[in-house]
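J.: Predicted model and sequence below, questions to follow.
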Amino acid sequence: QKEVEQDPGPLSVPEGAIVSLNCTYSNSAFQYFMWYRQYSRKGPELLMYTYSSGNKEDGRFTAQVDKSSKYISLFIRDSQPSDSATYLCAMQGGFKTIFGAGTRLFVKA
Amino acid sequence: GAVVSQHPSWVICKSGTSVKIECRSLDFQATTMFWYRQFPKQSLMLMATSNEGSKATYEQGVEKDKFLINHASLTLSTLTVTSAHPEDSSFYICSAIGTSGRASNEQFFGPGTRLTVL
């Protein structure tokens, strides 16, 4: 079993839709949870960073962590074509960061 | 702030040759730099962790003699792929963690280097 599981998609939604991206993990030692956005042929950029269970909101993005279920989510409201990218979840316990496989998202105009 | 650059952005080389990729932190000092490789439609796989002035720590399965890493200063790390083969073709991405400020709490990624070995 992989430490971090993420559906690679692709996920295709119309503009304006609410997007839900998810990851599950098996290692209860993970303490920090991140979401990265990666455009094609570019390096990842950090979108959201959370430490505890609960929700964290930043503009159209909401990150949700449920440590009891070992499940994290990223919600994108009012999705835009510019949101089309690969979204990687990442988790950190100690000094090492483990990335999910990434979900490819397409937002159609 | 907290910008990481990579050079070159893409490179094509012949099988058997060596290729050097540079990773620079432009506006902060990086105590630690990470090297990842990413195959198409797959996630980032950590290859090695390098700390300035010391030997890199390689992940299991990564050949030290094939992927030479040098972290000679707080702003520069290099990855040299020696005797490259077509199976080494991949997207190589570095990241850096700084010594202070925001850069000390976040891993900043470079734009990546696309390596194609013919």
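T.: On my side now, so go ahead.
J.: what ranges do the strands span in chain A?
T.: Using DSSP state E, the strands of chain A run over residues A:4-5, A:11-14, A:19-25, A:32-38, A:45-50, A:54-58, A:61-66, A:71-76, A:85-93, A:96-99, A:103-108.
J.: just so I know, which of these lies nearest B:Gln29?
T.: Smallest distance to B:Gln29 across these (CB to CB): 19.2 Å, for strand A:45-50. For glycine as for every other residue, the C-beta is placed from the backbone atoms N, C-alpha and C.
J.: Each with direction, which strands does that closest one pair with?
T.: strand A:32-38 (antiparallel) (DSSP bridges).
J.: what's the average pLDDT for the partner strand?
T.: Averaging pLDDT along strand A:32-38 yields 94.
J.: List the buried residues of it.
T.: Within strand A:32-38, the residues that count as buried by 16 or more other CB atoms under 10 Å in any protein chain shown are A:Phe33, A:Met34, A:Trp35, A:Tyr36, A:Arg37, A:Gln38.
J.: I figured the second one hits A:Tyr49, correct?
T.: The one in question is A:Met34. Yes - shown here, A:Met34 and A:Tyr49 form a contact pair, counting by CB atoms under 8 Å, at 5.1 Å.
J.: How about the helix-or-strand element of chain A with minimal mean pLDDT and chain B, any contact?
T.: Using mean pLDDT, DSSP states H and E, strand A:96-99 stands out as the lowest-scoring helix or strand of chain A, at a mean of 86. Yes - counting by CB under 8 Å from any CB of the partner chain, contacts between strand A:96-99 and chain B involve A:Lys96, A:Thr97, A:Phe99.
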